[in-house]
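**Student:** Give me a 3D structure for the following:
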Amino acid sequence: MSARAAAMSRLCAEVSQDLPGTETVPLPDCFDISDAERVVAYCEHHAARNGGRDDEWDKHFMKIRHREAFTLMRVADFLQVDPLIELIVSTIAEFVRGKSSDEIARIVGSEATL
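**Tutor:** Below is the predicted model:
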């Protein structure tokens, strides 16, 4: 991940500041590498745009299933990538908008352990 992209992560920025020369932040084993790669892709894209919004790109980026949104949220939260967390929360809100409590329970299901 580029330094500009890493700066989008509060965790990476803090590690870099506290431990100069550190180039990696280990992820817990419970995270899937593909989710981490998606977070990196998000950071790289937005860092290249100087953190600017790209609604069309974000919309395409978030065309994922419910389960994927929740697992992506866990990685984004761990790395503290606030703009991505906001995007995921907004997407999850759209998933549940207008749904009954039973439908929401099915959507959230076992993924409620955010």
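**Student:** Now tell me which helix or strand of the chain has the poorest mean pLDDT.
**Tutor:** Within the chain, no helix or strand scores below helix 10-18, which has a mean of 76 by mean pLDDT, DSSP states H and E.
**Student:** how about it as CSV, C-alpha atoms only?
**Tutor:** Extracted C-alpha coordinates of helix 10-18, given in CSV (Å, rounded to 0.1, in the frame of the first residue of the first chain):
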residue,chain,number,x,y,z
ARG,A,10,-5.7,5.8,11.4
LEU,A,11,-4.1,2.5,12.6
CYS,A,12,-1.5,2.5,9.8
ALA,A,13,-0.8,6.2,10.3
GLU,A,14,-0.3,5.7,14.1
VAL,A,15,1.9,2.7,13.6
SER,A,16,4.0,4.6,11.1
GLN,A,17,4.3,7.5,13.4
ASP,A,18,5.0,5.5,16.5
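**Student:** Would you mind listing the buried residues in it?
**Tutor:** Within helix 10-18, the residues scored as buried using 16 or more other CB atoms under 10 Å are C12, V15, S16. In this view, the C-beta of every residue, glycine as well, is placed from N, C-alpha and C.
**Student:** From what I see, the first one and L79 are in contact.
**Tutor:** Read that as C12. Yes. Taking contacts as CB atoms under 8 Å, C12 lies within contact range of L79: 6.6 Å.
**Student:** what do these two both touch?
**Tutor:** Common contacts of C12 and L79 (CB atoms under 8 Å, 6 or more residues apart in numbering): V25.
**Student:** need the helices for the chain, in chain order.
**Tutor:** Counting by DSSP state H, one finds helices in the chain at the ranges 3-6, 10-18, 33-48, 55-61, 66-79, 82-96, 101-108.
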